[in-house]
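Chemist: Sharing a model prediction with you, sequence too.
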Amino acid sequence: KNEVEQSPQNLTAQEGEFITINCSYSVGISALHWLQQHPGGGIVSLFMLSSGKKKHGRLIATINIQEKHSSLHITASHPRDSAVYICAVSPSGGSYIPTFGRGTSLIVHP
Amino acid sequence: DGGITQSPKYLFRKEGQNVTLSCEQNLNHDAMYWYRQDPGQGLRLIYYSQIVNDFQKGDIAEGYSVSREKKESFPLTVTSAQKNPTAFYLCASSIRGGPTAYNEQFFGPGTRLTVL
């Protein structure tokens, strides 16, 4: 069983829609990360958070440590947001190597 | 510009041949990592290195080898012992390794290896 579960696996939206991607994890963590992978394959880091909420442009990431759950929201989605969004957690207690979810594939249609 | 480079972008090899994937970073990061990505799966750690001349096996190290002779470079060799080498390989680096604090990882563009 993967320690990091993402939902949905695939997501299709129309331009302008509000999008939510969820991430649940089963271990104690020191940090949670949201990453974006474009069709070319390169990965960029969107957020690193250990509590509360962070916002960058149209992207918002929240985390609830007690419930072991995080969400990534995209407001006013745009076709250029089409990508795979990956959740990763860094376990607490010694191992700093992150565990990655399988990713959510998002397609935003114009 | 600082960053991580991987070459080549696409690589084709015949079955039974060893192949080496390049990863170079000019971010002055101590730690470097190699991941493998297969369709429908999360990134899986192959090897990582916290410091020059030291490296550790990750979750799927069998059939792979690495070296870390220079801080900037962490090449990955896919040997003929790797049973299913066709995959997308990503290299990453972070400021430092170690359990005391998480360090954000920066990823290279990846190399897609196809073994024919």
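Modeler: Sure thing, it's come through. Residues are numbered from 1 along each chain as shown, chains lettered A, B, ... in the order given.
Chemist: Residue 41: neighbouring residues, count only.
Modeler: Went with chain A since none was named. 19 (other CB atoms under 10 Å in any protein chain shown). Just so you know, the C-beta spots here come from the backbone N, C-alpha and C atoms, and that holds for glycine as well.
Chemist: You answered for a different chain; I wanted chain B.
Modeler: By other CB under 10 Å, neighbour count at B:Gln41 equals 14.
Chemist: what pairs with B:Lys57 across the strands?
Modeler: Taking DSSP bridges as the rule, B:Lys57 bridges to B:Tyr47.
Chemist: where's it relative to chain A, distance?
Modeler: The spacing between B:Lys57 and chain A, counted by CB to the nearest CB, to the nearest Å, is 11 Å.
Chemist: What residues does chain B have near chain A?
Modeler: Proximity of chain B to chain A, by CB under 8 Å from any CB of the partner chain, involves residues B:33, B:35, B:40-45, B:48, B:58, B:88, B:90, B:92, B:97-99, B:101-110, B:112.
Chemist: Which residues are in contact with residue 24?
Modeler: No chain was given, so I picked chain A. By CB atoms under 8 Å, 6 or more residues apart in numbering or on different chains, the residues touching A:Ser24 are A:4-7, A:68-69.
Chemist: look at chain B instead
Modeler: Here B:Glu24 is in contact with B:4-6, B:72-73 (CB under 8 Å, 6+ apart).
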